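Q: Requesting a structural model of the entry that follows:
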Amino acid sequence: MRHPIGRTRVRAALATTALVLALGSAPVARGAGAAGGYDDLLALFHDWQRLEHPPRREGVPDYSPAAMTAQQTGLAAIRSRLERIHPDGWSASQRVDYELVRAELNGLDFQLRVQQPWARDPAFYAILETEQSDTPAHEGPKADQLIELWTYQFPLAREAQLKLASELRWLPPFLAQARANLTGNARDLWITGTHSVRAQGEALAELGRRIAPDHPAAELVRALEAEAPAKNGPSGVGKDNYTWNLRHVHLVPLSWDQEEALLKRELARAHASLRFEEQRNRALPPIVPIATPQEYQRRANAAVDRYIAFLRERDILEVKDFHDPAMRAHIGSFVPAEQRNFFLIVSHHEPLALFTHFYHWFDHAYMEREPNASPVRREPLPYNIWDNRSEGMATAVEELMMHAGLYDDTPRERELVWIMLAQRCARGLASLYAQANLFDLAQAKAFQVRWTPRGWMRPDLDLLNFEQQLYLRQPGYGTSYVTGKYLIEELIKDRSAEQGAAFSLKRFFADYNAAGVIPVALIRYELTGQDDAIRAINGAP
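A: Numbering: from 1, shown residues only. You can find the predicted model right below:
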């Protein structure tokens, strides 16, 4: 989901293609011979952080074929160095860092070999970010240089005006580069990406920058629209590529087929549970949606009070001074009924039902106030490697807190939990079928609408297109909510079996949060020592 506040990963960039190529011939880090140590991994990670960025041309990232070939050469050299480092005998936390570095290298490899968003996806060139995600970094493949408009406060002070004007000068050369780079034939990505570029132009117009007919944004949109009729290729990456990315980049020990089975099971469970919940509550009055801005503010703030008190009183989570403000800053505002998308419909029935998902904002606060000591984990992982941890926990706590008694006094609100789970299963399955090229984008949207209860997934609002476009652009993201939830539930099972009577939710959440926003399989290894998931991933084709 998109929200006004967040953070991005900031890294130093390479200046020229020559520097990328230089990494291919750079000396191997100290001790990185037959079996390098943890210090060698950190040295490699430092070099990798530089390589991950493409070279610059005219002050903007260069995604030309020559630049991408150079990046592939540098990646091969870094990968060769990593293969000479063996984590045998390392601590669990050091081994986790090793697996994270390998996953990051795999992420760039997947982008270069398969995704190629700079060539297939016009949305890659929409670099003006008007909102920030609630997740650790922006969702989906993003260009290396973004204009974070959400970080500015309007009206702009003089210094901010100069800074923004300087950043906006990046756009013309970058959009001009897009015309040469975009050569792909992925029809759905092309059509939706054109819409994203057009929306970027509209956002610029809202800034008061008059866009003449020959402005690069308008010019690029016209070029994309002219080529659209000839675009007839698939946009999904296919089952085999999907599974490789799921396992080797996102470190999920499942396949496309296993995710399909999981999400179909959860979709059925959500619908059946909703029907029984409705039957249980049939004598109770229905929830009356919020009708005024004043009522929304009152109930939204009361929901935060209620949730923080629940976490503290039930001894579920050690409540810290940043939890309340982290959540309260994002309670939103009243929206008229005719403009409410799925999540706004939920929050205007009962804000707390949606606010439990705001574990995202707890994650932001932990990363800011209590960052992990490892430089590998301190900043958001690239390529959305964090998705099953971030989206999985935010989705898991919706149901887990219900089971812990959050809605015992308001049973109608339990229905909202099942509705949200059904919606996430529906959109996740739709995204799976789109990635396998069994659905086009229109079919994926229709599937999501059909299997979302009560007709709450409105096809006439932007949310539907935003979600399915994102999940088409970023393989594995659409399923990460439910898959991550499943992996977290497995972890709770394993951790509680290991600790027995000593197990407590407060301790579990403390250990879980301290590990950082990293794939659940790695948290499981760090907390339990069980590496079967890691071995399964590394042994998979």
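
Q: what helices or strands is the helix or strand hosting Gly392 leaning on?
A: Gly392 is part of helix 387-403 when elements are defined by DSSP states H and E. Judged by 3 or more C-beta pairs under 8 Å, 6 or more residues apart in numbering; DSSP states H and E, helix 387-403 is in contact with helix 359-369, helix 412-435, helix 477-499, helix 520-528. C-beta: built from backbone N, CA, C; applies to glycine.

Q: Please parse this structure into its domains.
A: 2-115, 122-230, 241-539 (automatic domain parsing).

Q: host element of Tyr307?
A: Going by DSSP H and E, Tyr307 is in helix 293-313.

Q: Okay, buried residues for that helix please.
A: Tyr296, Gln297, Arg299, Ala300, Ala303, Val304, Arg306, Tyr307, Ile308, Phe310, Leu311 (16 or more other C-beta atoms under 10 Å).

Q: What is the nearest of the residues you listed to Arg84?
A: Among the buried residues of helix 293-313, Leu311 lies closest to Arg84 (C-beta to C-beta), at 46.3 Å.

Q: Pick out the residue nearest the middle of the protein.
A: By C-alpha atoms, centre = their mean, the chain has its centre lying nearest to Glu139, at 4.1 Å.

Q: mind checking the SS state of it?
A: At Glu139 the chain is in coil, as set by DSSP: H, G, I helix; E, B strand; the rest coil.

Q: before we move on, the earlier item: may I see the domains of the chain organised as CSV, with mean pLDDT added?
A: CSV is the format used below for the domains of the chain (pLDDT from 0 to 100):
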stretch, mean pLDDT
domain 2-115, 79
domain 122-230, 90
domain 241-539, 97
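
Q: highest average neighbour count across these?
A: Among the domains of the chain, the stretch with the highest mean neighbour count (mean count of other C-beta atoms under 10 Å) is domain 241-539, at a mean of 19.

Q: Distance from the chain centre to that one, please.
A: Here the centre of domain 241-539 is set off from its chain's centre by 12 Å, with C-alpha atoms, centre = their mean, to the nearest Å.

Q: same thing with stretch 124-133?
A: That offset, for stretch 124-133, works out to 14 Å (C-alpha atoms, centre = their mean).

Q: Also stretch 193-205?
A: How far stretch 193-205 lies from its chain's middle: 22 Å, per C-alpha atoms, centre = their mean.

Q: one step back: other residues contacting the helix holding Tyr307?
A: If you take C-beta atoms under 8 Å, 6 or more residues apart in numbering as the criterion, helix 293-313 is touched by 290, 316-317, 319, 323-324, 327-328, 331-334, 347-348, 350-352, 355-356, 401, 404-406.

Q: hmm, try it at 6 Å
A: Ile290, Leu317, Val319, Asp324, Met327, Arg328, Ile331, Phe334, Pro351, Leu352, Phe355, Leu406 (C-beta atoms under 6 Å, 6 or more residues apart in numbering).

Q: where exactly do the strands run in this structure?
A: Along the chain, counting by DSSP state E, strands occupy 2-3, 56-57, 60-61, 128-129, 132-133, 147-148.

Q: Columns distance to His271 on top of the ones you listed, output as JSON lines?
A: JSON lines is the format used below for the strands of the chain (distance: least, C-beta to C-beta, whole Å):
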{"stretch": "strand 2-3", "distance to His271": "27"}
{"stretch": "strand 56-57", "distance to His271": "51"}
{"stretch": "strand 60-61", "distance to His271": "45"}
{"stretch": "strand 128-129", "distance to His271": "36"}
{"stretch": "strand 132-133", "distance to His271": "29"}
{"stretch": "strand 147-148", "distance to His271": "40"}
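
Q: Figure out which of those strands is closest to Arg280.
A: strand 2-3 (33.3 Å).

Q: ok, the nearest residue to Trp386 once chain neighbours are set aside - contacts?
A: Excluding its sequence neighbours, the residue lying closest to Trp386 (C-beta to C-beta, 6 or more residues apart in numbering) is Val517, at 4.6 Å. Taking C-beta under 6 Å, 6+ apart, we find Val517 in contact with Pro136, Asp363, Trp386, Arg389, Ser390.

Q: got the contact list for the second one?
A: Asp363 is in contact with Val517, counting by C-beta under 6 Å, 6+ apart.

Q: Mind doing that once more with 10 Å?
A: 134-136, 326, 380, 386, 389-390, 393-394, 513, 516-517 (C-beta atoms under 10 Å, 6 or more residues apart in numbering).

Q: go on, the last one?
A: Contacts of Ser390 were listed using C-beta under 10 Å, 6+ apart, and they are 133-137, 139, 359-360, 363-364, 380-381, 384, 480-481, 484, 517-518.

Q: Ok, Leu246 next?
A: So Leu246 contacts 252-256, 258-259, 388, 435, 475-476, 479-480, 483, 537, 540 (C-beta under 10 Å, 6+ apart).
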